[in-house]
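Asks: sequence first, predicted model second:
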Amino acid sequence: MFAVTGDSALKQSKSARAGLQLPVGRFHRWMADARLGKFIHEYAAVYLCAGMENLLEELLLQSFPADSASQFTTAVLDQSIAHSGDLWGLLQPFAHLNAGRVASGALTMPRWASLSSLGSGTQKSGSSGGNSNISLEPCLLTTCVGSISELKDLTQRAQQKFQHTALSNAALSTLFYFMRCSQLEHSDSSGTPSSVNGSAGGSSQNVQELCYERAYVVLPPLVEWLRVASAHAEYRHAAMIDKDDIMQAARLLLPGVDCPMRPIGHDEELPTKKTHFSHPGATTPIASSINEDTTELGKRATTTLAFKLMLTGRAELLAQAANLLPPTTRYDTLNHAGLSALMIAAIRNDEVAIQALLDAGCDPNVEVPPVSQSNYPGIQPDTQHWTAVTFAASRANYLALRLLLERGGKVEGGARLSEEKTTLTPLQVACGSGNVEVISLLLAHGANAFLSTQQKDTMCFAGGSAQRGSYCAISVAAAHGQRVCLRKLLSHPMSPGNKDVLSLEEMLAEGEPVGNAVRGGACAGNSASERISAELPPTLNKAQIKSLQEAMYHSAENNHLDITIELRTLGVPWTLHCWMHALAAAHELRLDAVIDQLLQDFLQVCPDDYSAQFVSECLPLLFNIFRYSKNEGTTLLLADIFATCFGWETIKPIKEVALQSVNSSRIDPKFVNNPELSDVTFRVEGKIFYGHKIVLVTASPRFQSMLSSKLSEGNTPTVQINDIRYHIFQLVMHYLYSGGCATLEVSNSDVLELMAAASFFQLEGLLRYTESRCSEMIDIDNVVAMYIHAKVYNANKLLEYCQGFLLQNMVALLTYDDSVKRLLFAKKVPNHDVLSGLLHTLQQRIKQRKPMGVGNFRQQLSSPPPGGAHLLNTSLGIGNGIGGSLGAAKK
C-alpha cells in the first residue's frame, strides 16, 4: 500500500497509505530530531510506527480479561504488564532494557519467537521438544557463572537446541566478563559447592576481591544475552556472534554500560568447523553456502591482510598487498561485505590512505554489488550500488570528497539517469546529514537535486526493492527539516529539462480562455499547468515541479511548517493535504499570522468535487480553529470559508407533513369548543373550553396521557392548562378537529407560541407547519431567537434551516451584533454544541450537493455572495510578519 506512486500518493497521509493509525510523519520528525541516524529513510519511520502500533495492540490483547463480563480498568492493565516478562521491562523508565524479568524480579523465558530470537531456529516438535525446553530453561535463565568453562558448557547446550547462538572465543570471553560472579568463581576453585544465594562454605567465605559486582535484579538471563547478540550478528550476516555483538548487547541490557558503534570494515574472526549458524529462510548454514572450504576462508583471511596493508597508506606496503590480491581486480578488490579498500578509507575519513590508493590506481567509481551477489554474503542492502563518493558524503568529509571528485569520482555515485537503481546518491545522504559545505561541493560538480532513485514499479513492494531507493535530494532536505540545505539546493542554477509531454487535461486546458484558465488555476491548485508556469521559474519542467510538490508533501507530513511555507512562497502550488497539515501545525503552534495567511489561500486548494478527505478531516480542523480563535480577522475568514463551502443556493425549504387518513377530521369543525356531546373540559386562562375525548386521545399522545386517568370518572373531567394562552389553545383545537393546517389563520406573532404548544402536545403535523412558517420569517434580527426556540421545542427541521442560514450569512451575522457570537461561543443553549451542529449540517450539505461542472463550481466560488464581497479576495491587512512568527516558533 505504501509503495503506491503517482499523484494519488501525495493526496493522502503516509499513515493512510501504510494502513496505520499513528502518524508516520511525526515518527520521522522525531527520528530526525533525535539524530537516530544521519539519514532517516522513509520506510524506517513506517516500520517504527507499525512496530509501536503493534506493540500497543499486543499490550491490550494481553491485558483484556478472559471473562467478558469483567471490566477493563487501569488496574487490570498494570497487573497484566507486571506479570509479562516480555512487556514489563520494555515499559520501565530505565536507560537499559531490563528484559527477562517480571515486576516481582522473577526470571522468565521470552514468549515471542522472532527472526532474531531463539525460537527462530530449528526446533524439535512434539512432546520431546517441550521436554527439551523444560530441561533447557534453568540453563537459559542463568544470570551469572563462576568460570568460563561453565559458560561455554551452557552456551553449547543452548546451541544444540538453537542454531543461532554460536559464539567466537573472544565473544565467549567478553560474555564471561559480564556474567562473572566472584563468589561462584572462588567456590568452584575451592571445590566446595555453592549455596543458592551464591555463598560458599569453608575458606572461600573469607575471600574478598576488589571487583564490581552488579545487583542481581539488573542481571539479564543468558537467553536475553544470546537473543540480543544474535540479532546484531544476523543484521550483519555474520557466521557467528563475535566480541562486538556481546558489547552491543551489554550496552542495551546493563545499566551504565556503553561502547562505540561497530566500525565498518571491522576484523571478524573466522568460524571454526562448527561455530556457525544459519540465517532466516536459508536451508543450509552460511559456512555451507561458502562450501565451508578452507580455500575460501584462506581467501578471506588473505583479503583481510591485504586490506590492512592498503589502509596504511604506505606505497611499499601497497606493493606487497598487490601480491595478495587477485590480478584482475588488484586494489579494487571487494571484501566479503562488498567494500573496497578505498570505500573503507572514505568511511574512516583517512585522507592519507585515500590519496595513496588513488595514486596507486584505485577506481573511485567501484560500486557495492547488489544483494543478489552470492560471493559477498555480508553486503548490507542499504548500501548497494554505493561508491566511495557516497560513503565520503555520508561521513561529511569535505577534503576526502573533493579529492575523490577531482580524481574522477562520479558525483551521483552509483545512480544513473538511464538506469533504475535502488540506491542513494551522495547528494541525498548529504542532505540528510545537513552539511551545507558538502552539498555546495556536490552541486558545483553537477549533482542533480531532482534525481530520484525510487523504484517506479508499484508492484515491487513485496520484493522489498522499493525500500532501498529514495526521493530526490530536495525532498530529503524537506523531510529532515534541513531548511538551509533546501535553500542551497533551490538557489543553485537549474538546467532546463527535456521538453514536456502534455497530458490530455493540459491539452484541454490550453484551449480555455485566458481568464477562465487563470481563475480555474487559482482554485484547482495543482491541476492547471498555466498557473504553475506563471508562479515557478520557467526553466523548471513538469517532473521538477512535481518534485517540489513532493518536497512540500514531506515537509507538511513531518510537521516542518517553516519549510512548507517557504516552498509555497516560491510558488509551489498547494494540495489540499499539504495545506491542511500546514494549517494544523500553525494552529498547534498558535501562529495567528500564519493561520490567516493560509486561510487566504483557501480558494487555491478547495477541491473541485469536495473529496471525502475535505469533508471528514479539513472541515473539522477549520471548525476547531474557529472555536478557539481569539482573532477577529481569523474568525471572519473562517466564516467566509464556511459560507463559500455551503454555497449560495436557496436553503432547502421545510415542507409540511403529508396528511394521513388517521389524522383526518374526526368531527365537524363546528364542534370546536361546543358543549354539545362534549365529554371533557379544559380550563385555560380561567375560561372553559369544551372538547371531545375521542378526537383528542386519537390525535395526541400527550392528550391520551392527560385524559387516561380521568376516563373512569363519572362526571365530565376538567383539565387545567397552564402556560398556554386561550387563543393559542383554540388554534390547536382547530388543527385537531379539522385534521390539518389549511384553514388555520395564524399571525406571525403567534407562530412561536403555537410551536411551543405543538411540541407540548406532541403534534408532529402542527409542529412542522410552525417550522415552515418560522423559516419564512427568519432574518438577521431573529435567527438567534429562532435557533433557540427550535432547540428548546425539538423543532429539528427548523434547527437545520437556522444552521444553514447561519452558515450562509455568517460574515454578516458576526459583524451585525454580538448575539450570534454569544450563541456560537458562549454555550447559550444548555447541553448543546452549536458549532458541532453547524459542522454536521455543512458536511451533510456538501455530501448531498449534486455534482456540478468544474467551471460552474469555480465560478460560484469566485462570485461574491449577494450584497457583499468575499473576504478571501481581500487582504484585510493580515498575514504580515509571517516570517517573524515562523522564526520565533522555530526558535
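Replies: Sure thing, it's come through.
Asks: buried sites along stretch 431-443?
Replies: Going by neighbour count (16 or more other Cβ atoms under 10 Å), the buried part of stretch 431-443 is 431, 432, 433, 434, 435, 438, 439, 440, 441, 442, 443. For glycine as for every other residue, the C-beta is placed from the backbone atoms N, C-alpha and C.
Asks: next, format the residues you listed as CSV and append secondary structure.
Replies: Converted to CSV, the buried residues of stretch 431-443 look like this (DSSP: H, G, I helix; E, B strand; the rest coil):
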residue, secondary structure
431, helix
432, helix
433, helix
434, coil
435, coil
438, helix
439, helix
440, helix
441, helix
442, helix
443, helix
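Asks: want to throw these into TSV with pLDDT?
Replies: Compiled in TSV, those are given as follows (pLDDT from 0 to 100):
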residue	pLDDT
431	95
432	93
433	91
434	92
435	93
438	96
439	96
440	96
441	96
442	96
443	96
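Asks: where's residue 13 relative to residue 557, distance?
Replies: 7 Å (Cβ to Cβ, to the nearest Å).
Asks: how about residue 725?
Replies: Residue 725 is 62 Å from residue 557, by Cβ to Cβ.
Asks: show me where the stretch 551-700 of the chain has its strands.
Replies: Counting by DSSP state E, counting those that start in this stretch, residue ranges of the strands within the stretch 551-700 of the chain are 680-684, 687-691.
Asks: quick one: the ones you listed as JSON lines, columns for distance to residue 363 too.
Replies: JSON lines is the format used below for these (distance: least, Cβ to Cβ, whole Å):
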{"stretch": "strand 680-684", "distance to residue 363": "106"}
{"stretch": "strand 687-691", "distance to residue 363": "107"}
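Asks: reformat those as JSON lines; add mean pLDDT, mean neighbour count and distance to residue 323.
Replies: Below are these laid out as JSON lines (pLDDT from 0 to 100; neighbours: other Cβ atoms under 10 Å; distance: least, Cβ to Cβ, whole Å):
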{"stretch": "strand 680-684", "mean pLDDT": "86", "mean neighbour count": "18", "distance to residue 323": "120"}
{"stretch": "strand 687-691", "mean pLDDT": "86", "mean neighbour count": "17", "distance to residue 323": "121"}
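Asks: between those, which one is nearest to residue 38?
Replies: strand 680-684 (85.1 Å; Cβ to Cβ).
Asks: buried stuff in the lengthiest helix in the chain?
Replies: Using DSSP state H to define each element, the chain has its longest helix at helix 42-63. The neighbour-count check on helix 42-63 (16+ other Cβ under 10 Å) flags 42, 43, 44, 45, 46, 48, 49, 50, 53, 59, 63 as buried.
Asks: next SSE after it?
Replies: As assigned by DSSP states H and E, the chain's next helix or strand after helix 42-63 is helix 74-82.
Asks: for the stretch 301-450 of the chain, which segments count as strands?
Replies: Counting by DSSP E, counting those that start in this stretch, the stretch 301-450 of the chain contains no strands.
Asks: can you list the low-confidence ranges for it?
Replies: For the stretch 301-450 of the chain, the stretches with pLDDT under 70 are 418.
Asks: isn't residue 613 right next to residue 578, touching?
Replies: No: between residue 613 and residue 578 there is no contact, the gap being 12.0 Å when judged by Cβ atoms under 8 Å.
Asks: what is the burial count for the closest residue to residue 768 other than its chain neighbours?
Replies: Leaving out its chain neighbours, the residue that sits closest to residue 768 by Cβ to Cβ, 6 or more residues apart in numbering is residue 657, at 4.7 Å. By the measure other Cβ atoms under 10 Å, the count of residues near residue 657 is 16.
Asks: need the contact list for residue 605.
Replies: 525, 574, 575, 576, 579 (Cβ atoms under 8 Å, 6 or more residues apart in numbering).
Asks: pretty sure the last one contacts residue 598?
Replies: Yes: with contact taken as Cβ under 8 Å, residue 579 and residue 598 are classed as touching, separated by 6.5 Å.
Asks: what about the two, which has more around it?
Replies: residue 598 (28 against 24).
Asks: quick one: pLDDT of the more buried one?
Replies: On pLDDT, residue 598 comes in at 94.
Asks: same question for residue 493.
Replies: What the model reports as pLDDT for residue 493 is 79.
Asks: returning to what we had before: list the residues that contact both of residue 13 and residue 557?
Replies: Common neighbours of residue 13 and residue 557 (criterion: Cβ under 8 Å, 6+ apart): 24, 25.
Asks: between these two, which is the more surrounded one?
Replies: residue 557 (26 against 19).
Asks: what's the spacing between that one and residue 722?
Replies: Taking Cβ to Cβ, one finds residue 557 at 62 Å from residue 722.
Asks: with residue 689 instead?
Replies: 13 Å.
Asks: and residue 43, by the same measure?
Replies: 72 Å.
Asks: and residue 34, by the same measure?
Replies: With Cβ to Cβ as the criterion, residue 34 and residue 722 are 70 Å apart.
Asks: for the most far-flung residue of the chain relative to its centre, give me phi and psi.
Replies: What lies farthest from the middle of the chain is residue 676; by Cα atoms, centre = their mean that is 76.0 Å. With angles defined as degrees, to the nearest 10, residue 676 sits at phi -70, psi 130.
Asks: cool, and residue 101?
Replies: Per degrees, to the nearest 10, the backbone of residue 101 is at phi -140, psi 160.
Asks: what pLDDT does it get?
Replies: Listed pLDDT for residue 101 reads 87.
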